[in-house]
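1. Following is a predicted model, sequence given first.
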Amino acid sequence: MAQAIASTNVPRWLPADQLDRLIDVLRADGRTIIGPTVRDGAIVLAEIQGAADLPAGRGDEASPGRYRVTQREDSRRFDHAVGPMSPKRWTFPPRAPIRLGRRTSAGVRFSGVDPRPTPRPTPLAFIGVRACELAAIKIQDHVFLDGPAVDGDYRARRASAFLVAVECATPTSTCFCTSMGTGPEVTTGFDVVLTELDDGFIVRVGSPAGVTVVDALSLSPADGSAMKAAEAVVAGARDAMGSPMNMENVHEGLQASPEHPGWAAVAERCLSCTNCTLVCPTCFCTSVVERSDLDGSISTSERTWDSCFNEGFAKVAGGSFRPLVKDRYRQWLTHKFSTWWDQFGSSGCVGCGRCIAWCPAGIDVREELAVIGGVGPVPMPQLSVVAAATEAPVTISPGSVPAAFVTVHVDGSSRETADTMTLHLNTTDRRLLAGRPGQFVMATLPAFSAAPISISRFRSDGLDLTIRAAGPATRALTELERGSTLGVRGPLGRGWPVEEMTGRDVVIVAGGVGLAPLRPLIDACLAERDALGAVRIYLGARTPTDRLFVEEVGRLALRMDIEVEETVDRAGPVWLGRVGIVTQLFDHATWDGRNAVAFVCGPERMMQATSEVLFSRGIDVDRTWVTLERNMSCGVGLCGHCQLGKFFVCKDGPVFSLAELGPAFTTDGL
Amino acid sequence: MTASAPRRRARTRRFEVEGLTRVEGEGSLRIVIRDGEVIEAQLGIFEAPRYFERLVRGRTPDEVLDIVARICGICPVAYQMSAVHAFEDGVGIEIDPAVRALRRLLYCGEWIESHALHVYFLHAPDFMGYASAIELARDHRVLVERALALKKAGNHLVALIGGRPIHPVSVRVGGFYHTPTRAELTALRPELTAALDIALETVAVTTELNTPDFSREPRLVSLRHPTDYPMNEGRIVSTDGLDLAPTDWERAFAEDQVGWSNALQARTHAGDVYLLGPSSRITLAGDKLHPRAAEALAQSGLADEIRRNPFRSIVARAIELVHATAVAIDIIDDYRPPERPATPWNPGPGTAAWATEAPRGLLFHTYELDEEGRVATARIVPPTSQNQAAIEADLTDFAPSVLGLPHDEATHRFEQLIRSYDPCISCATHFLDLRVEDRR
Amino acid sequence: MSPTARRSGRRRPRVGVVKFASCDGCQLTLLDLEDDLLAIAERFDIVEFPEATSRRSAGPFDVLLVEGSISTEEQLEELLRLRRESTTLVTIGACATAGGIQALRNWSEHGPWAATVYPRPELIESLAMATPVADHVTVDAELRGCPIDPQQLLELLTALVVGRRPQLPDESVCAECKRRGATCVVVSQGTACLGPVTRTGCGALCPVYGRGCYGCFGPRNDANVVSLIANTAGLDDSVASTRLAGFTAWAEPFRSVIDDHGGPPGAKP
């Protein structure tokens, strides 16, 4: 293949007035052509019919918060930088239906998978793609196609896309691809690349598909003077951007500066309007919107572009975990320039400058990086945008991820507390049955959003879900009765490291409903009891009526080989047990934790306090495991909602050791 | 509708209704009858005042267009049209013929939406014996579904040109902020073609309605244009020979305030009442109707009754539905987007005045602009406050013919008569509280 | 049986649609849901809706949709009565949720204002201010907009039937502007636009039509109006109060910023 490209990769010459021949060849393959065109005061991307729609003789200028289309002396069609749109709009559209849910007489049914491969999207050809945009496409390819979960919709759209790149000639003041190592030269990831001169184009190919298209044009080779002029075009573009920034320290610098005063300063200017994220060619965060008929009997789940700048993006039952705009700006900038490396082995920024030009308040990320991230003006060796990361990505995920909701039957339910129910589900789905303690599922009903729910028991013929009615969606789940059905997708995430228990003492600490994800771990302790040291279980609840699995805990407490201690924050008249917060249970304990492993689940403040107590008892941070609650939505690391520092809680967790989390466990608003 | 029993049995037979329904806004009606003679007939408008004439002070003409739209959720385009023409006339802006066509198309959309709403949702239930169109749909589902389709076609037109059906955002002084492409408009053609059929059917349906017998010789006023059926342009004419420029409404008419109303009532300078709306337009400019509408009018054979009997206004609206739909199709077929969406202009001082034909009749605006071109004073005269006095006069004339009917039936007839003028009390300001007293 | 199925077995919710000082446009939006209106009328028992039906009810209501701001003593009394009759009270539109355009008079003394419109202002009964419903009673849900968006209304009604939370995101107009592929008028034309501080719901209508947002849906939670005025093109201190003094002027933080800039245009008699 490489041979075939090389043998035909003699630069060709396409006269300026014959550009339509290239477009016609692409259209003959049934492709829709997406290219730059002037509309509403900008050079946007849109479906074009021919070369006449391209912005001949038009250029653009951009600075922070300002963009204008300009008139040029020549009639070149690609002598502009990038406008507000990128190919992302087509490969990863702003709205896409991903699932259909129905209530039928036989129970709930879900069709399509999540994400669903769209059947045969119209094949696309992009014309005029810049080096920075090719880098962005490569980054999104990596996010959507190379992880444990593959976005089928993206895959289908992307597979059909033919990329006609163009060498950049006139960058604007907002361009900084040279700092990110993505341009201006087009080097990889294209099918055909053009270099535009006044009277025509140098045409080179970059793929077998490109060879086929260029062969069909029967072009003569480009002559030497044209080649020389083409080189000057690219060199001119590079010079126009000046010295690249030194990005060497940005990865560590940003993660080391969560409390930097620069965050509050930029938050005063930031409008949290989401423009930067939605013009960014790599940002991939989404939410799912449910649309149903009036009966709620048919519903469509639609995936829409979302943004970490929206307050609701980081909302959980207890409120937003990034309540301040400064928290959100920090999340965005840190993710883009730093934690992206940890997650995907590259920067999330390609230097296209859209976030600078299209920020209505004119915030320039380059300046913020200089203030907060320690980015210096000194040139540095080029980073390759998708080069191997300095350290391996943190992903610790199972090999394949269930993508579709399956229908499971409710065999019965048990009331645990005033607002918490345990559903006993029957299923033969092997994947669900083979889950690990600490994993969770997404559970849903048609017309309701899906909710992450802990698996509270595995049985040979099904599993238990313990659900607290925190909102309408979870309430609807708690109201399910024997014989009804729901949709479940999972098991998801990384569970408790059960193997860590072997030969060690085990300490389990639960607060309130936090006992639910720990119950399968307790089951595992019982099954492996002989292989373990002492097993100590500490349970806290707000009041006696907020305790889960009361009878079962009572039976456990009677066992001689397990120690169970319980306390409640506030007691009623009939409570004869201890009163106080859960950490007080350790006050009189005499054990030594140097050979112990601890598993903790409860409210985050409770887990923080508990981990301190455990540490003081000799349990090191790499032996204390917690499970985190975030607003998991897709469950497979593709929607961005549950990010915590460099982690996607849904796929890298929800179980983490304190050592893994580091400061992420205690930093507010991360 | 709840109606209380007569309070004074001996000399006075009294009808009281807490609120009149199926009108836009809130008002009251009070009729006092002594010894069989009507001594008082007051249409009160108690919609809370919103002071629009004051709110627009200090605003630029373009801001005024957005503000005055909020006077009425049913006919926002009418307010934008009267205002934008007033400013363009006052400042001296020539608009592109394509802009003119597009504005007529926008107005057609509003006429269709407003008339379809009134005919089927507000008025037809009276004739057919239902409390609402929703109840009507239980027995005549297809009819109501077709009415909804007709209304929707009008809303789609307004939404395509203006962005949304209520309080559209595209009109600006000099033209539009944004104009649709030919393809976008052509895409509406099938829906409008279907709507034209429904409109023609509406003429047939309304013609057949059992209509109360009532006849008088009213003074009617509307615009009249040399080539077009009155809408955005034309001279103010009347059945008694008035002929004025659309800027000169104040030369013939004046507003006054009465104690029972939060709206100002308009009369001629001689103190005479007059009536606006579809019946007036058909009477004064019926020769300019689209051929499809003219044909429907001829077939109905009701041209004269439309003039004399206010209950026949439902037919007049149906005829105008045909007209607006047919004209909309013609405009779409001839549409070419304007060279530029808006003609540039410079703000400055002056007087701006204009009248256009809202669905309910002639709507007059006048503004004084200060040195910076901002509004110094404004007067907005909506059709309902002009019709108010004529409605009261008609109620006086009509009352004797129903006093022999049972109480509820008579009450219903009064309400039906009021609805036949399609009073937009939100426009006039609003609360209709109908009381009929018969003092003997 | 599923919760929804159980719910559907219950009696139809009794719905009322009422108005105070307003243009009727928001309640008209219900009638503008042409494709769904008859289905809605089957799902809900519309017992009070004077604009559309002669059948009347004084209550009780499972759901009451309230349009308009409170401008007279009578309206205030009626609102208090309706609140007592209603399980779920939903305000619809800018007048009910933020006071509407008529709330601009709140910056001025009422008497002189009335005198500029009415020759005999003593005949007019009016409170000194036009205020949103939530200033007087507890509001269970609100639909923003001048007018409300038909799809948001349908979403609210659907959510009420199904028993889920209506999806009415508190994000900027910009988010929807970008999803729709419109070009930012601030950045590309220097046009004043309230989009960054205004809640979405309209579909970014004005930017899509080439003009700046004028704030129909009111400020969103994180509205950074100070930065908008200080840092965006087309908007500066000289035009800030005019631009903000629209259909949701009385909502904070718009109201305070208007105060800081000397009140709305024409506030002084």
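-> Done, it's in.

2. which ones are touching B:Leu192?
-> With contact taken as CB atoms under 8 Å, 6 or more residues apart in numbering or on different chains, B:Leu192 is in contact with B:Ala153, B:Leu157, B:Thr325, B:Ala328, B:Ile329, B:Ile332. From N, CA and C alone the C-beta is placed, and that goes for glycine too.

3. and which of these is nearest B:Thr239?
-> Proximity of those to B:Thr239 was ranked by CB to CB; the top entry is B:Thr325 with 27.2 Å.

4. thinking again about what came up before, can you add pLDDT and secondary structure and give the contacts of B:Leu192 back as CSV?
-> Conversion of those to CSV gives the following (pLDDT from 0 to 100; DSSP: H, G, I helix; E, B strand; the rest coil):
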residue, pLDDT, secondary structure
B:Ala153, 98, helix
B:Leu157, 98, helix
B:Thr325, 98, helix
B:Ala328, 98, helix
B:Ile329, 98, helix
B:Ile332, 98, helix
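
5. where in the stretch 151-269 of chain C is pLDDT low?
-> Residue ranges of the stretch 151-269 of chain C with pLDDT under 70: C:268-269.

6. Can you give the distance of stretch A:20-28 from its chain's centre?
-> Going by CA atoms, centre = their mean, to the nearest Å, the spacing between the C-alpha centre of stretch A:20-28 and its chain's C-alpha centre is 37 Å.

7. And the strands in chain C?
-> Along chain C, the segments classed as strands by DSSP state E run C:14-19, C:45-48, C:61-67, C:86-92, C:141-143.

8. just the stretch 551-670 of chain A next, same as before
-> In the stretch 551-670 of chain A, the strands defined using DSSP state E, counting those that start in this stretch lie at A:563-568, A:578-579, A:596-601, A:624-627, A:643-644, A:647-648, A:655-657.

9. how about those strands, which one is nearest chain B?
-> Shortest distance between chain B and these, using CB to the nearest CB, is found for strand A:643-644: 36.4 Å.

10. can you give me how far that closest one is from the chain middle?
-> Relative to its chain's centre, strand A:643-644 lies at 9 Å (CA atoms, centre = their mean).

11. residues in contact with it?
-> By CB under 8 Å, 6+ apart, the surrounding residues in contact with strand A:643-644 are A:Cys308, A:Gln331, A:His335, A:Thr339, A:Leu628, A:Arg630, A:Val649, A:Gly653, A:Leu661, A:Ala664, A:Leu670.

12. Can you list the low-confidence ranges for the chain?
-> If you meant another chain, say so; for now it's chain A. In the predicted model of chain A, residues A:1-8, A:112-120, A:376-402 satisfy pLDDT under 70.

13. Hmm, no, I was thinking of chain B.
-> Judged by pLDDT under 70, chain B has its weakly predicted residues at B:1-20, B:46, B:258-263, B:425-440.

14. cutoff 80 now
-> For chain B, applying pLDDT under 80 flags the ranges B:1-30, B:35-36, B:39-40, B:42-49, B:256-265, B:424-440.

15. Which residues are in contact with the spatially most central residue of it?
-> In chain B, the C-alpha nearest the mean C-alpha coordinate belongs to B:Arg360, at 1.2 Å (CA atoms, centre = their mean). Applying CB under 8 Å, 6+ apart to B:Arg360 gives the contacts B:75, B:114, B:276-277, B:382-384, B:387, B:421-424, B:427.

16. Give me the nearest residue to it, chain neighbours excluded.
-> Of all residues beyond its chain neighbours, the one nearest B:Arg360 is B:Pro383 (4.2 Å), with distances taken as CB to CB, 6 or more residues apart in numbering or on different chains.

17. List the pairing partners of the helix or strand harbouring A:Gly59 within its sheet, with orientation.
-> Using DSSP states H and E, the secondary-structure element containing A:Gly59 is strand A:58-63. According to DSSP bridges, strand A:58-63 forms sheet pairs with strand A:66-71 (antiparallel).

18. Name the residues that touch the partner strand?
-> Defining contact as CB under 8 Å, 6+ apart, one finds that strand A:66-71 is touched by A:38, A:41-43, A:55, A:57-62, A:83-84, A:357-358, A:362, C:184, C:187-188, C:190, C:233.

19. May I see the buried residues of that strand?
-> Of all the residues in strand A:66-71, those buried under the rule 16 or more other CB atoms under 10 Å in any protein chain shown are A:Arg66, A:Tyr67, A:Arg68, A:Val69.

20. Which helix or which strand is home to A:Arg21?
-> Element membership for A:Arg21 (DSSP H and E) is helix A:19-28.

21. packing partners for that helix?
-> Here helix A:19-28 is seen to pack against strand A:32-39, strand A:124-129, strand A:162-166, helix A:208-217 when contacts are counted using 3 or more CB pairs under 8 Å, 6 or more residues apart in numbering or on different chains; DSSP states H and E.

22. what angle sits between it and strand A:124-129?
-> With axes from the mean of the first three to the mean of the last three CA atoms, to 10 degrees defining the directions, helix A:19-28 sits at 150 degrees from strand A:124-129.

23. got a list of contacts for helix A:19-28?
-> Contacts to helix A:19-28, defined as CB under 8 Å, 6+ apart, come from residues A:14, A:33, A:48, A:50-51, A:54, A:77, A:125, A:127, A:162, A:164, A:192, A:201, A:203, A:213, A:216-217.

24. swap the cut-off to 7 Å and go again
-> Identification of contacts with helix A:19-28 by CB atoms under 7 Å, 6 or more residues apart in numbering or on different chains yields A:Leu14, A:Ile33, A:Gly50, A:Ala51, A:Ala125, A:Phe162, A:Val213, A:Ala216, A:Leu217.

25. I'd like those residues as JSON lines, with neighbour count and distance to A:Thr274 appended.
-> Formatted as JSON lines, the contacts of helix A:19-28 follow (neighbours: other CB atoms under 10 Å in any protein chain shown; distance: CB to CB, whole Å):
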{"residue": "A:Leu14", "neighbour count": "21", "distance to A:Thr274": "40"}
{"residue": "A:Ile33", "neighbour count": "22", "distance to A:Thr274": "29"}
{"residue": "A:Gly50", "neighbour count": "13", "distance to A:Thr274": "35"}
{"residue": "A:Ala51", "neighbour count": "20", "distance to A:Thr274": "35"}
{"residue": "A:Ala125", "neighbour count": "26", "distance to A:Thr274": "29"}
{"residue": "A:Phe162", "neighbour count": "20", "distance to A:Thr274": "31"}
{"residue": "A:Val213", "neighbour count": "22", "distance to A:Thr274": "37"}
{"residue": "A:Ala216", "neighbour count": "15", "distance to A:Thr274": "43"}
{"residue": "A:Leu217", "neighbour count": "15", "distance to A:Thr274": "42"}
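
26. Now the closest residue to chain A within chain B: which helix or strand?
-> Among the residues of chain B, B:His178 lies closest to chain A, at 8.7 Å counting by CB to the nearest CB. Secondary-structure assignment from DSSP H and E places B:His178 in no helical or strand segment.

27. Excluding covalently adjacent residues, which one is nearest to it?
-> C:Tyr209 (4.0 Å).

28. didn't the one you found look like it was pressed against B:Gly163?
-> Yes. Look at C:Tyr209 against B:Gly163 with CB atoms under 7 Å: they come within range, at 5.1 Å.

29. Could you check which of those two has the larger neighbour count?
-> Summary of the neighbour comparison: C:Tyr209 and B:Gly163, criterion other CB atoms under 10 Å in any protein chain shown, with C:Tyr209 having more neighbours (23 against 20).
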